[in-house]
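K.L.:
pasting a predicted model and its sequence here:
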Amino acid sequence: MGTPVKRIVLSGYYGFNNSGDEAVLQSILLALQEQGERQGVTFHPVVLSVNPAETARTYGVESAHRMRPMELWKALRGADGLISGGGSLLQDETSPKTIPYYLGVIRLAQLLGKPVFVYSQGIGPVHRPKFFGWIRSAFQRCRVVTVRDEESKALLQQMGLSGSEVEVVPDPVMGMPLKNAARHRDPAGADSGLAPVIGVSVRFWNKDRSELDAAAEALRKVMEETDAVVRFLPFHLPSDEEASEYVAQRLGETYKHRISIAKGVTHPQDMLAETASVSVLLGMRLHSLIYAAGRYVPMVGISYDPKIDQFLNRLSMQAACSTQAPNAAAIAEALLHLLKSREAWREDKRQVIERLKSEAHRPAERIAAFYSKAQGRR
């Protein structure tokens, strides 16, 4: 008997040029391959994407358009299962249409008799009570439900799910490796005599741009007091490049020669390599912080969403400030502190980061075990 091949559809925020969500996809694909090999299952992924051609080209997978009902239906009909996640899919902060879409994909798979696996999702915020019952009903019919933080589990319990049905695991990106680890130094290694590099991931959020103005003021203070250089890391193209340019312009001509922007980086492992090469990171994007943690890069967070605080909590950290109350002085103080104590930070966080990285493959392990056992029963 040969190794069984299982077609599995992946549903998430894929194909939108968002490095964080693309990293989630890359991490899940790598984890499925690794765990499948360990348990004697070959996975044939079919990714639902807004840009199937680009997704297929980037990851070497089959891809179907997420917004074309017939393509979506055909993909699910011919599949052996559905993975929903990861990422912050079930939230109505950005749009009331988001939750119905992702639940609709789940329910269609269930109607077709396909097993569904919720993969390390961040749940919430959910402001509309009508969605509580929808989520509970769909999740109670899933074979595996994993979420990326205790807050998501608590929200699902508030919706009526049993705590025993929900497993808390790290974000899948914690387990993403570099393309060629041998070519990149571990930031925990000896610091060279070169000027430290501050990686910066910013996004537009406040209408008055006060959060970006605070970031610029903080970076200016740090550059005044140190010889640090700034490397902007745009995670969502093209908007984050524009946000990076906004901050760079506010640093002024004086520091222009100490500023650069990593433009056009689209593959998540290339952005991971960029993040691995900085000394400290100032991040608004969740996955900029996760990338940094995965490479043991000290970080300072600016919170625009509870998911930022929830991730930092797992490292026993807090954001320097929030977008509701931007604080340039607090950001600068945190950056200056980490620039002086990088090695101490790494040693303090190493054990918890290693645990999170090792646990990041847990959902893929459970999915592979499901199909391996099913094959054994035949």
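P.N.:
Now that the structure is in, tell me what you want to look at.
K.L.:
separation between residue 355 and residue 281?
P.N.:
According to Cβ to Cβ, to the nearest Å, residue 355 stands 21 Å off from residue 281. The way it works is simple: take the backbone N, C-alpha and C, and place the C-beta from them, glycine included.
K.L.:
please apply the same query to residue 342.
P.N.:
11 Å.
K.L.:
just checking, residue 14 touches residue 52?
P.N.:
No. Look at residue 14 against residue 52 with Cβ atoms under 8 Å: they stay out of range, at 9.4 Å.
K.L.:
how far off centre is the least confident helix or strand in the chain by mean pLDDT?
P.N.:
Ranking every helix and strand in the chain by mean pLDDT, DSSP states H and E puts helix 362-376 at the bottom, with a mean of 90. How far helix 362-376 lies from its chain's middle: 24 Å, per Cα atoms, centre = their mean, to the nearest Å.
K.L.:
name the residues that touch it?
P.N.:
4, 6, 8, 28, 31-32, 34-36, 38-41, 43, 80-81, 83, 115, 117, 119-120, 143-144, 146, 167, 169, 172 (Cβ atoms under 8 Å, 6 or more residues apart in numbering).
K.L.:
just the buried members of those residues?
P.N.:
Neighbour counting over those (16 or more other Cβ atoms under 10 Å) leaves 4, 6, 8, 28, 31-32, 35-36, 39, 41, 43, 80-81, 83, 115, 117, 119-120, 144, 146, 167, 169, 172 as the buried ones.
K.L.:
helices - which of the residues you listed land there?
P.N.:
Mapping the buried ones among the contacts of helix 362-376 onto helices (DSSP state H) picks out 28, 31-32, 35-36, 39.
K.L.:
looking at the residues you listed, spot the one nearest residue 101.
P.N.:
Ranked by distance to residue 101 (Cβ to Cβ), these are led by residue 28 at 19.0 Å.
K.L.:
hmm, back to that, if you count surrounding residues, which of residue 355 and residue 281 has more?
P.N.:
Taking other Cβ atoms under 10 Å, residue 355 and residue 281 do not tie; residue 281 has more neighbours (27 against 13).
K.L.:
am I right that the more buried one is in a strand?
P.N.:
Yes. Judged by DSSP: H, G, I helix; E, B strand; the rest coil, residue 281 forms part of a strand.
K.L.:
so how far is residue 294 from it?
P.N.:
Distance of residue 281 to residue 294, computed by Cβ to Cβ: 11 Å.
K.L.:
same thing with residue 83?
P.N.:
Between residue 83 and residue 294 the distance is 21 Å, computed by Cβ to Cβ.
K.L.:
with residue 319 instead?
P.N.:
For residue 319, the distance to residue 294 - Cβ to Cβ - is 19 Å.
K.L.:
of the two, who's got more company?
P.N.:
Neighbours around residue 319 and residue 294, counted as other Cβ under 10 Å, are more numerous at residue 294. The numbers are 26 against 23.
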